[in-house]
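[1] what follows is a predicted structure for the sequence shown.
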Amino acid sequence: MNIAVIAAHPDDEVIGCGGTMVKHVSQGDNVHVLILAEGLTSRDVYRNRDAHDSGLSQLRKAAKLANEALGVNSVKTLDFPDNRMDSVDLLDIIKKIEVFIAEFKAEVVYTHHAGDLNIDHRRIHDAVVTACRPIAECTVKKLLFFEIASSTEWQIPGSAPVFAPNCFVDISKTLEKKLVALNEYKMEMRDWPHSRSLKALKYLSKWRGATVGVDAAEAFVVGRILV
């Protein structure tokens, strides 16, 4: 199968479904990753890419190494503005995603949940759903939404759809590779007890696994499955 992982920022792809990606690779599937926003520049009052040139280069390198650790076929990084994707026309985001899906004839797509606190996550969710609309020429048969620690659980109940997973992937044998890949994103990881720490992400995987009777799992909300 051809798998597309479409994420907002470098590290989201690994946090959301890194263990699942390794599992796909082990099964002989082709896994391709698209990361749309640049990262880092939202930490300033005004966007200034030049001020973060070195950091952005380092982050792109981390994305390459992290995805190599997972064994994916390709990773593509774009430069949409970090945490400012609501300033971009939605159609411009959709077009980039449509081209990516068509290039690899993606049959399974993983992306962000609609209820995340982060605006870029929500924007990409909307764009992916539109790009995967069920028209005759669409190759996508399965659409799944992942959770991102430090965004999904930070949303206030009642402000957006709640992440209520109804699909779980057993990553008991691939969790360690996910953690190795996340370690490449040292500049994005935080110290415990931050929810975007290696320790917290391991605990989350263990908890998601325990809820379905396996050692470790990643959880998803099903958008659409065509069988």
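    Received it, and whenever you're ready, just let me know what you need.
[2] every contact and neighbour count from this point should use C-alpha atoms.
    Will do.
[3] for the one helix or strand in the chain whose mean pLDDT sits lowest, buried residues please.
    When the helices and strands of the chain are compared on mean pLDDT, DSSP states H and E, helix 53-70 comes out lowest with a mean of 92. Neighbour-count burial for helix 53-70, with 16 or more other Cα atoms under 10 Å as criterion, is recorded at 55, 56, 59, 60, 62, 63, 64, 65, 66, 67, 69, 70.
[4] so can I have JSON lines of the residues you listed showing distance to residue 199?
    Shown next, in JSON lines, are the buried residues of helix 53-70 (distance: Cα to Cα, whole Å):
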{"residue": "55", "distance to residue 199": "24"}
{"residue": "56", "distance to residue 199": "25"}
{"residue": "59", "distance to residue 199": "21"}
{"residue": "60", "distance to residue 199": "24"}
{"residue": "62", "distance to residue 199": "20"}
{"residue": "63", "distance to residue 199": "20"}
{"residue": "64", "distance to residue 199": "23"}
{"residue": "65", "distance to residue 199": "21"}
{"residue": "66", "distance to residue 199": "18"}
{"residue": "67", "distance to residue 199": "20"}
{"residue": "69", "distance to residue 199": "19"}
{"residue": "70", "distance to residue 199": "19"}
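[5] determine which two of those residues are furthest apart.
    Pairwise distances among the buried residues of helix 53-70 were taken by Cα to Cα; the largest, 22.6 Å, belongs to 55 and 70.
[6] and residue 22, how close does it get to residue 109?
    To residue 109, residue 22 is 15 Å away according to Cα to Cα, to the nearest Å.
[7] quick one: the helices in this structure, in order.
    Here the chain has its helices, by DSSP state H, at 12-26, 53-70, 90-104, 119-131, 175-183, 198-210.
[8] helix 12-26 and the second one, what's the angle between them?
    Orientation note: helix 53-70 sits at an angle of 30 degrees relative to helix 12-26 (axes from the mean of the first three to the mean of the last three Cα atoms, to 10 degrees).
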